[in-house]
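# Sharing a model prediction with you, sequence too.
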Amino acid sequence: MTTAATQSVLDEHYERNGDQAAIETVRARIAEAGVEYVYYQVVTLTGRVVGKVAPATELVRNVENGLRAHPGVMADLQMDAAGVLLAASPERGECVVMPDLDSFAVLPWDPRTGFFFCRMYEPAGAPEGAGGRPMPLDARGSFARAHAAFTARTGLELRSGCEPEATWTVPGHSAEHVPGTPHPMYHVGQLEQLRPVYQKVMSYGQELGFEMIESNCEGPGQLELNWMFDRADRTADRLVLHRLICRQVARELGASVTFMPKPAENQLGNGCHHNISLWEGDRNVLLDPGTPGLHLSTTGRHALGGILSHSAAAAAVMAPTVNSYKRYVATGQFAPQEINWGMDNKTCAVRLPASGRLEVKSPDAMVNPYLSHAAILASIEDGLKNSIDPGPARGSTDGPVTDRFGTLPLALDEALDLFAADHVLIQGIGPELTDLFLRMKRQEWARFCGAVTDWERMMYGAEGC
Ligand SMILES: NC(=O)CC[C@H](N)C(=O)O
C-alpha cells in the first residue's frame, strides 16, 4: 500500500540545492578551516570513490546547480565485449552530481581540502525542475531513497555498525602467520607493531566525526577498527570514508593496505560484519526483555528469518569479488559457510552478539555498503511481511537445527545466478542497478576464468603429466 508519505519519497526529482541556510553553514565552515579546494564525490558500484575537484570559490554555483559526470563512472568505465560502456547506453547522456550539503567535511590530513558526498540525477540537460530523476545506477542515492521509503511504510529505521578488517604491510613487519606459533589474535605484541597505523586511523576517523570505539589485531598485519553504530546510510558513508582514511595512512607511513577478502592462503580473511538493529524512535524493536536468552523479539525473529532466507542470493553483493569466496571456504576462521544463526556463536552466518543486535557475517571488506544494506533492508522487510521463522539457534535445545537455508555459494558465478533469481533483493536494490551489477560481475567472472594462475602452473606445469 503506497501512503502519501511514501509517494513523496518515490516521486522525488532533482531540484536545486537552494537551502540558503545550509549553504551558509558550509560557507562558514570553509572560511573557518581555510578550505581552498572541494571534492565532489560519488561511490561506484564496486565501492570506489570517484569525483571532481573545484576551487572553493565555486561553491555556491556547484551546490546550487551540481556538476556533470559521465554515467559510465558508476561501472568504473567498464565496457562490454563490443566496446560500449556498461553504464552508459548511447541514449544516456551526462548526469548531474548534486552534493549532499550535510555531508561536507574537511580532510583531516589537509585542511585546505574539503569534500561532499553527492547523489546523481539525470539527464543533465533537463530543464530546471522538469523531468530530472534520480539516477537509478547511483547505489548511494538509491539506498537513501529505499530506506526513506521503508521508514515511511513501517515507521522503522535501520541502524548498523560495520566491523571492517584490513591487512597491512608495514616496513619491518611481516603479515604472514608462521605455522606452529600461537595464534596472534588479540596479541598486543603484534598490535604494537601496528601502533602507527591504528593511531593515525583512529585520530583521522575522530576528526571526521566517527566515534571510534575499539581496535584489535586479528592476525599478523590484520587490524579490525570499529566505530559506533548509527543510521545505516551514515554508517555506509563512514565505511567508504574509513577505506579512504586507511589508504591515506598507508601513503603517509610508506605501508600498504588491502581489503582483499582473502589476501593469501596463509592469511586470515578480511570480513566486514554488519551489526544490525531496527528502531521505532528510541525503541529497538528487535529486543523483547521478556524472552529468554538474548531477548530476541518476535519482530527480531522474523527479521532474522528474512536475512537467513535471502543470504545465499545476497552473497553476490556481500561477497562481490572472485576472491571473496576463498574467505568462505577457509574453515575455522570465523567466516561463515552454512547459513545458520546462533546466540553469541562466532561460527554462524548470523550471530546474536548482544541483546537486540544481529551480526550479519557474510559481508567482506570489499563490500559496497549501500548495496549490502539495501539487501539487508529488503530481506528484513520480507521477513516481517511473511513472518519468516528462523528456526532454532545452532547449539540450542529447542529442536533439531535444519539446513533449510542451505550454504553460502562457493563461487561468484553461482552467487550471481542466485541473485538474478531473487525478486525481493532485485526490487530492494533496484532492477536497473541489479542488471548493471550482474553484467559487470559476469564480465569479471569471465575474465577470471580466462586467467592462468600460479596455482595452475604449480599443478600442471613442468611435471604435470
Ligand atoms: N573477528 C572475527 O570474528 C573474525 C572475522 C573473520 N576474519 C572474517 O573474515 O569474517
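Cool, the structure landed.
# Look up how far the ligand lies from Cys449.
As judged by C-beta to the nearest ligand atom, to the nearest Å, Cys449 and the ligand stand 25 Å apart. For every residue, glycine as well, the C-beta is placed using N, CA and C.
# quick check, that residue in a strand?
No. Counting by DSSP: H, G, I helix; E, B strand; the rest coil, Cys449 is not part of a strand but helix.
# That one: neighbour count?
Using other C-beta atoms under 10 Å, Cys449 is surrounded by 9 other residues.
# where does Leu45 land in three-state SS?
coil.
# who touches it in this structure?
74-76, 137, 139, 368, 371, 433, 436-437, 440 (C-beta atoms under 8 Å, 6 or more residues apart in numbering).
# and it, backbone torsions?
phi -60, psi -30 (degrees, to the nearest 10).
# so what pLDDT did Val106 get?
At Val106, the model reports a pLDDT of 97.
# Distance of it relative to Ile213?
23 Å (C-beta to C-beta, to the nearest Å).
# For those two, indicate the residue with more neighbours.
Using other C-beta under 10 Å as the criterion, Val106 and Ile213 rank with Val106 on top: 20 against 12.
# Contact partners for that one?
By C-beta under 8 Å, 6+ apart, the contact set of Val106 is 29, 33, 35, 113-114.
# Local confidence estimate at the residue in the stretch 51-200 of the chain positioned nearest to the ligand?
Nearest to the ligand, among the residues of the stretch 51-200 of the chain, is Glu165, at 5.4 Å (C-beta to the nearest ligand atom). Here, the pLDDT recorded for Glu165 equals 97.
# again with Asn216
For Asn216, the model assigns a pLDDT of 88.
# So in that sheet, which strands flank the host helix or strand of it, and in what orientation?
Per DSSP states H and E, Asn216 falls inside strand 212-219. When pairing is defined by DSSP bridges, strand 212-219 lines up against strand 222-227 (antiparallel).
# Check the model's average confidence along the strand it pairs with for me.
Across strand 222-227, the per-residue pLDDT values average to 95.
# what's the next secondary structure element after it?
For strand 222-227, the succeeding helix or strand toward the C-terminus, using DSSP H and E, is strand 230-231.
# where do the strands sit along the stretch 1-150 of the chain?
For the stretch 1-150 of the chain, the strands defined by DSSP state E, counting those that start in this stretch cover 37-43, 49-55, 67-69, 95-99, 105-106, 113-122, 133-134.
# before we move on, the earlier item: so what sits opposite the residue of the stretch 51-200 of the chain closest to the ligand in the bridge?
Going by DSSP bridges, Glu165 forms beta bridges with Glu224.
# let's have the chain start at 748 instead
Sure thing, new numbering starts at 748, so read that last one as Glu912.
# So it sits against Asn973, correct?
No. Counting by C-beta atoms under 8 Å, Asn973 is not a contact partner of Glu912; they are 10.1 Å apart.
# On the three-state scheme, the nearest residue to Phe976 once chain neighbours are set aside is what?
The shortest distance from Phe976 to any non-neighbouring residue, by C-beta to C-beta, 6 or more residues apart in numbering, is to Gly908 (3.1 Å). The three-state label given to Gly908 by three-state DSSP is strand.
# State the pLDDT value of Gly908.
pLDDT recorded at Gly908 is 98.
# again with Asn1092
82.
# Surely it and Gly1142 touch.
Yes. Counting by C-beta under 8 Å, Asn1092 does reach Gly1142; the two are 5.9 Å apart.
# If you count surrounding residues, which of those two has more?
For Asn1092 versus Gly1142, neighbours defined as other C-beta under 10 Å are more numerous around Asn1092 (16 against 13).
# which bits of this protein sit near the ligand?
By C-beta under 6 Å from any ligand atom, the residues of the chain that approach the ligand are 912, 965, 971, 1015-1016, 1018, 1074, 1080-1082, 1093, 1108.
# Do you know the pLDDT at Gln754?
38.
# er, Val944 actually
Value listed for Val944 in the pLDDT field: 95.
# From Asp849, how far out is Ala768?
Ala768 is 12 Å from Asp849, by C-beta to C-beta.
# and those two? which has more neighbours close in?
For Ala768 versus Asp849, neighbours defined as other C-beta under 10 Å are more numerous around Asp849 (13 against 7).
# measure the closest residue in space to the more buried one that isn't next to it in sequence to the ligand for me?
Nearest-residue entry for Asp849: Ala769, 7.1 Å, with adjacent residues in sequence omitted and distances by C-beta to C-beta, 6+ apart. Per C-beta to the nearest ligand atom, Ala769 is found 39 Å from the ligand.
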